[in-house]
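[1] build me a model from this:
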Amino acid sequence: MILEVAYLNVKKGQRIQFEKDVVLAGQYISSIKGYIKHSLQRCLEVENKYLLLVKWNSLEDHTVGFRQSDVYKQWKELLHHYYDPFPVVEHFEEVRL
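    Numbers count the residues shown, from 1 in each chain. Have a look, this model is predicted:
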């Protein structure tokens, strides 16, 4: 399993609508093969800062399956105008201890 971590900075004054649109966008990402689940975390110290956490079966499920799909175009149209600057996205895998 892969954890996608996206650091999101939302433009001032758009937080409430952004959160509503993330709920709508959930229908797009959750339709992709290899999607497991996602959550949105709001920062307590920095207003308008978020973490988007998405669990995927594999890296390719995100980077190819989602990012190269028509569904991604809908996700992008709904959410990308909120970000300034554009998000940093990283992928992590669990270290088994």
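[2] check contacts around the residue lying closest to Glu94 once chain neighbours are set aside.
    Once flanking residues are discounted, Glu94 sits nearest to Met1: 7.0 Å by C-beta to C-beta, 6 or more residues apart in numbering. Backbone N, C-alpha and C define where each C-beta goes, glycine included. By C-beta atoms under 8 Å, 6 or more residues apart in numbering, the residues touching Met1 are Ile36, Lys55, Trp56, Asn57, Glu93, Glu94.
[3] got the CA coordinates for the strand or helix carrying Lys20 in CSV?
    According to DSSP states H and E, Lys20 maps onto helix 15-29. The C-alpha coordinates for helix 15-29 follow below in CSV (Å, rounded to 0.1, in the frame of the first residue of the first chain):
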residue,chain,number,x,y,z
ARG,A,15,-11.6,27.6,2.8
ILE,A,16,-15.3,26.8,3.3
GLN,A,17,-16.0,26.3,-0.4
PHE,A,18,-12.8,24.3,-0.9
GLU,A,19,-13.9,21.9,1.9
LYS,A,20,-17.3,21.5,0.2
ASP,A,21,-15.7,20.9,-3.2
VAL,A,22,-13.3,18.3,-1.7
VAL,A,23,-16.4,16.3,-0.6
LEU,A,24,-17.7,16.5,-4.2
ALA,A,25,-14.4,15.5,-5.7
GLY,A,26,-14.4,12.4,-3.6
GLN,A,27,-16.7,10.7,-6.1
TYR,A,28,-14.0,11.1,-8.7
ILE,A,29,-10.9,9.8,-6.9
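[4] mind listing what's buried in the very next helix or strand once past it?
    Counting by DSSP H and E, the next helix or strand C-terminal to helix 15-29 is strand 35-42. Buried residues in strand 35-42, defined by neighbour count with 16 or more other C-beta atoms under 10 Å: Tyr35, His38, Leu40.
[5] Throw those into CSV and include distance to Val23 and pLDDT, thanks.
    Converted to CSV, the buried residues of strand 35-42 look like this (distance: C-beta to C-beta, whole Å; pLDDT from 0 to 100):
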residue, distance to Val23, pLDDT
Tyr35, 16, 98
His38, 11, 98
Leu40, 9, 98
